[in-house]
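Enquirer: How does the following fold in three dimensions:
(one chain, ligands or ions: 2)
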Amino acid sequence: MPANLTPEYYKAEQWFRSATVNEEKILALEQMLRVIPKHKGTDHMRADLRRKLSKLKEAPTKKSGAKHVDIFHIPRSGSGQVVLLGTPNCGKSSIVATLTNAKVNVAEFPFATGGPVPGMMEFEDVQIQLIDMPPVTADYCAPGQVGTYRHCDLIAIVIDLSAEIVEQLHSCLDFLQSRNLLIDQKVNAVDSNGNALGKRTFCICTKSDMAKANALERLKSSCGYPFEFVEVSAKTGDGLDELPGKIFGLLGMIRIYAKPPGKPVDMKEPFTMPAGSTVMDLAQAIHRELAKKLKFARIWGTGVYDGQNAQRHHILNDKDIIEFHFS
Ligand SMILES: Nc1nc2c(ncn2[C@@H]2O[C@H](COP(=O)(O)OP(=O)(O)O)[C@@H](O)[C@H]2O)c(=O)[nH]1
Ligand SMILES: [Mg+2]
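Expert: Ligands and ions are numbered 1, 2, ... in the order given. Take a look at the predicted model:
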């Protein structure tokens, strides 16, 4: 009996084949099982997939002996991790070269970037990690590449405004959609623990200095996702000054400055926390044990009068100054 597999199934299979770590293989297999047509013709295949899945789930996470080095695993550094995604030559490396200290390869030929290259970007007093990546195309991505996107805080789709816009957008969206990396209406886009898989995403539109007519408008109208679009040129520098601030906003972070009682505030190294964090969240992030002894805090900043006493559940704002009082 024919299996009559669908394009959706083949995409999930491609995802599985490009996965190099068990965590990703499991997600891909679960997707294959979800989308495979369910009839007699696929009975054997489904049993086989289920077998593979349970074998992977039982596999120990850490193997002794030979170590597998995952080059696409980049340890987080700074206040957020942002990973670029785009087709060959769209200008990814140029962005990382301009905004960070990283040594990246900017080249006129495609596939000049072979692995992920992290760099640190500054926004005012915070450091944000920006990761240059090898390109994706309609039918190719590097094995294991998906892992960097899976673990980041924000994905930046990079689109070259001087080239074929719809094609680039399609390749990027397809890569993300088929691996459950976009926040959309798909009800099943969760892992086996029920955690949502979609990532915050936005769009950096490059080469604005040589953009085709109405390129940005056409991009927006063909996108279908409520992304933010930032137009830049690595050549003229247009838009690059605003990019770090935009990214900081999209990461949804706030900065808090700590002030020891009776001493001046340290305005150099803020703590960064997700927006919506409370006094207690911050105390716990700083020191779990000490947090238990927290009595109250005094706050200087937005929505409070200077030095106002605040309780544990008080929600902090960007640039608040805080003084903890412990029992
Ligand atoms: N005119 C212009 N050229 C750019 C811009 N950004 C990148 N390029 C050029 O486009 C080519 C590919 O850039 P690169 O950053 O290596 O792209 P990647 O393959 O996506 O990393 C290089 O020749 C760059 O000099 C831009 O904003 N304006
Ligand atoms: Mg590159």
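Enquirer: For the stretch 201-327 of the chain, what lies in contact range of ligand 1?
Expert: Thr206, Lys207, Asp209, Met210, Ser233, Ala234, Lys235 (Cβ under 6 Å from any ligand atom). Quick note: C-beta positions are derived from backbone N, CA and C, even for glycine.
Enquirer: Low-confidence bits of this protein, can you list those?
Expert: Confidence mapping of the chain against pLDDT under 70 gives the ranges 1, 61-67, 185, 187-188.
Enquirer: any idea which helix is longest in it?
Expert: helix 43-58 (DSSP state H).
Enquirer: after that one comes which helix or strand?
Expert: strand 81-85 (DSSP states H and E).
Enquirer: got the CA positions of whatever helix or strand comes next after that next one in CSV?
Expert: Sequence-wise, the next helix or strand downstream of strand 81-85 (DSSP H and E) is helix 92-99. C-alpha atoms of helix 92-99 as CSV (Å, rounded to 0.1, in the frame of the first residue of the first chain):
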residue,chain,number,x,y,z
LYS,A,92,24.9,38.9,7.9
SER,A,93,28.6,39.0,8.5
SER,A,94,28.8,42.7,7.6
ILE,A,95,26.3,43.4,10.4
VAL,A,96,28.3,41.4,13.0
ALA,A,97,31.6,43.0,11.7
THR,A,98,30.2,46.5,12.1
LEU,A,99,28.5,46.1,15.5
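Enquirer: In the residues of the stretch 201-327 of the chain next to ligand 1, which residue is surrounded by the most others?
Expert: Compared across those, Thr206 has the highest neighbour count, 26 neighbours, by other Cβ atoms under 10 Å.
Enquirer: from what I can see that residue touches Thr87, true?
Expert: No: with contact defined as Cβ atoms under 8 Å, Thr206 and Thr87 do not form a contacting pair (11.2 Å).
Enquirer: Check the contact lists of those two and give me the overlap.
Expert: Common neighbours of Thr206 and Thr87, using Cβ atoms under 8 Å, 6 or more residues apart in numbering, are Asp160.
Enquirer: May I have the phi/psi pair for the nearest residue in space to Ala102 that is not next to it in sequence?
Expert: With Cβ to Cβ, 6 or more residues apart in numbering as the criterion, Ala102 has its nearest non-adjacent residue at 2.7 Å, and that residue is Gly119. Per-residue torsions, Gly119: phi -140, psi 160 (degrees, to the nearest 10).
Enquirer: Strands of this structure, start to end?
Expert: 81-85, 117-123, 126-132, 154-160, 201-206, 229-231, 253-258, 271-274, 294-300, 308-310, 320-326 (DSSP state E).
Enquirer: Ok, which of these comes nearest ligand 2?
Expert: Of all these, it is strand 126-132 that lies closest to ligand 2, at 5.9 Å by Cβ to the ion.
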